[in-house]
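Undergrad: any chance you could fold what I've pasted below:
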Amino acid sequence: MMFSLRKPLLYTYAVLAHTELASSFLSSRIRANSSPAEIPCIEFTQAQTPTALRAETGAQALLLPPGILGPPEPLKGLKVGGRLDAFRALQYKDETEKVQFTIERVSRSPDIFRLGNFVTESECAQIQSDAEEIGMKVAETVTKDDRSSRKHCSVAWLSSNNNNGQEKADAISDLVSSTVNIFLSKDVLSHPSAGVEDLQVLKYGAGGEFVHHHDGEPRILTVIYYINGIGGTWFPLAHTNDNENKGIDGREPLNKEQALDLVKGLEPGKDGLLVKGIGSYDAADQEQNEHIACVNRGDAIAFYNYKDDGSAQLDWTALHCGLPTTDEEGTKWIANHWYRVNALADM
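TA: Here you go, the predicted structure:
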């Protein structure tokens, strides 16, 4: 199930605060919709304004203006290691709860941001409890009956839409509303084929892993929530400084085969970006090593899956994996939100 990002339903918003870069984002909320296949797909073409996105009929060249599929300002101009202070304002009927969090860029290519204290303790508990309540099944991939790519893992899907009239807004739809206001461009938010998938909740046992993969089209943005603070997400081709070279030794992968070839011989913690969780790092890890980003319970990472250069091509530096969990770490709980523009699948 996927939901549109256009019609306002929630009362949640997020605000960035910075001494020089201050931006507030009104809530862009979600609307229940039919299956993704039934959401109309349109073509992209160069419009009158540099960042506009509009539909065209007839046979025309497909052109996508740059600056649409990546992070909007002020995130776009943030250097690796740079941080912004932000808060989520969770609006209930009679009160507002302010949730303070930080946004830090931890990779230049792909664009990856660490969100510190993004998910509250109660939201983490609710997501885990709801997943267990509806029942978790053996996790597969998009390839039917594929249970070898993801091991020792169970999955549950929770609705990303909140239209049940609860007095207290649902934790999942709150997270969606806060995310889209910061990480998606106005063009994506207003696009008729843009939406968010249901929340995928994953429980990994000891030895649980997910091999190298790309989240694929038409998913433009992935957000991983670390529900119990166990990490182990590795982006082997991530570029963790601000110089212009991309890929490995200046070689940028153009497809999965090239990306997997570049991964050979690379090591987590020494190459790319390793997201490490509690129990698997010491306090000095992130300060001393640009290839490590540390997360705790309630932290998240957000990363972009497409190049933002107007080519509408997948960014294969976003290749990543879930490393095997250890006996010491125990059970790992994470959750994924995928934001997509279905029209990209036709390009």
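
Undergrad: could you list the low-confidence segments of the protein?
TA: 1-63, 141-148, 162-169, 244-249, 279-287 (pLDDT under 70).

Undergrad: one more time with 80, if that's ok
TA: Applying pLDDT under 80 to the chain picks out residues 1-64, 91-94, 140-150, 161-170, 244-250, 278-288, 347.

Undergrad: just the helices in it please.
TA: Using DSSP state H, the helices of the chain run over residues 121-134, 171-183, 186-189, 256-263, 285-288.

Undergrad: could you verify my assumption that residue 111 touches residue 305?
TA: No: at 9.8 Å, residue 111 does not count as touching residue 305 under the criterion of CB atoms under 8 Å. No exception for glycine: its C-beta is placed from N, CA and C like everyone else's.

Undergrad: sorry, back to before: tell me which of the helices of the chain sits most buried.
TA: helix 171-183 (a mean of 25; mean count of other CB atoms under 10 Å).

Undergrad: sorry, back to before: any chance of the helices of the chain in a markdown table, plus distance to residue 204?
TA: Listed next are the helices of the chain as a markdown table, based on distance: least, CB to CB, whole Å:
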| stretch | distance to residue 204 |
| --- | --- |
| helix 121-134 | 13 |
| helix 171-183 | 20 |
| helix 186-189 | 31 |
| helix 256-263 | 21 |
| helix 285-288 | 21 |
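
Undergrad: out of those, which is closest to residue 344?
TA: When these are compared by CB to CB, helix 186-189 sits nearest residue 344, at 10.3 Å.

Undergrad: can you get me the start-to-end distance on stretch 319-336?
TA: End-to-end distance of stretch 319-336 (CA to CA, to the nearest Å): 15 Å.

Undergrad: can you give me the buried ones in that stretch?
TA: Within stretch 319-336, the residues scored as buried using 16 or more other CB atoms under 10 Å are 319-325, 329, 332-336.

Undergrad: and residue 315, which of the helices of the chain is closest to it?
TA: So among the helices of the chain, helix 256-263 is nearest, using CB to CB, at 9.9 Å.

Undergrad: for that closest one, which helices and strands make contact with it?
TA: Under the contact criterion of 3 or more CB pairs under 8 Å, 6 or more residues apart in numbering; DSSP states H and E, helix 256-263 touches strand 199-213.

Undergrad: ok and the strand it packs on relative to helix 121-134, angle-wise?
TA: If you take axes from the mean of the first three to the mean of the last three CA atoms, to 10 degrees, strand 199-213 sits at 90 degrees to helix 121-134.

Undergrad: could you give the bridge partners of residue 153?
TA: Following DSSP bridges, residue 153 is listed with bridge partners residue 204.

Undergrad: that one: neighbour count?
TA: As a burial measure, residue 153 scores 23 neighbours (other CB atoms under 10 Å).

Undergrad: wait, doesn't it sit right on residue 211?
TA: No: applying CB under 8 Å, one finds residue 153 not in contact with residue 211, separated by 11.6 Å.

Undergrad: please save the CA atoms from stretch 263-282 in PDB.
TA: Taking C-alpha atoms only, stretch 263-282 is exported to PDB below (Å, rounded to 0.1, in the frame of the first residue of the first chain):
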ATOM      1  CA  VAL A 263      32.800  -3.500  -3.300                       C
ATOM      2  CA  LYS A 264      35.300  -6.400  -3.600                       C
ATOM      3  CA  GLY A 265      38.100  -6.000  -1.000                       C
ATOM      4  CA  LEU A 266      36.400  -3.200   0.900                       C
ATOM      5  CA  GLU A 267      35.900  -3.400   4.700                       C
ATOM      6  CA  PRO A 268      33.300  -2.000   7.000                       C
ATOM      7  CA  GLY A 269      34.700   0.800   9.200                       C
ATOM      8  CA  LYS A 270      37.600   1.400   6.800                       C
ATOM      9  CA  ASP A 271      35.700   2.100   3.600                       C
ATOM     10  CA  GLY A 272      32.400   3.800   2.800                       C
ATOM     11  CA  LEU A 273      30.100   4.500   5.700                       C
ATOM     12  CA  LEU A 274      29.300   2.000   8.500                       C
ATOM     13  CA  VAL A 275      26.300   2.800  10.700                       C
ATOM     14  CA  LYS A 276      27.100   1.300  14.100                       C
ATOM     15  CA  GLY A 277      24.700   0.900  17.000                       C
ATOM     16  CA  ILE A 278      24.900   0.700  20.800                       C
ATOM     17  CA  GLY A 279      27.000  -2.100  22.100                       C
ATOM     18  CA  SER A 280      29.200  -2.300  19.000                       C
ATOM     19  CA  TYR A 281      31.200   1.000  19.200                       C
ATOM     20  CA  ASP A 282      33.000   3.100  21.800                       C
END
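
Undergrad: list of residues touching it?
TA: 106-107, 112, 114, 212, 224, 226, 229-238, 240, 248, 285, 289, 291-297, 301, 319, 323, 326, 328-329, 332 (CB atoms under 8 Å, 6 or more residues apart in numbering).

Undergrad: give the buried residues for that stretch.
TA: Within stretch 263-282, the residues that qualify as buried by neighbour count (16+ other CB under 10 Å) are 263, 268, 271-278, 280-281.
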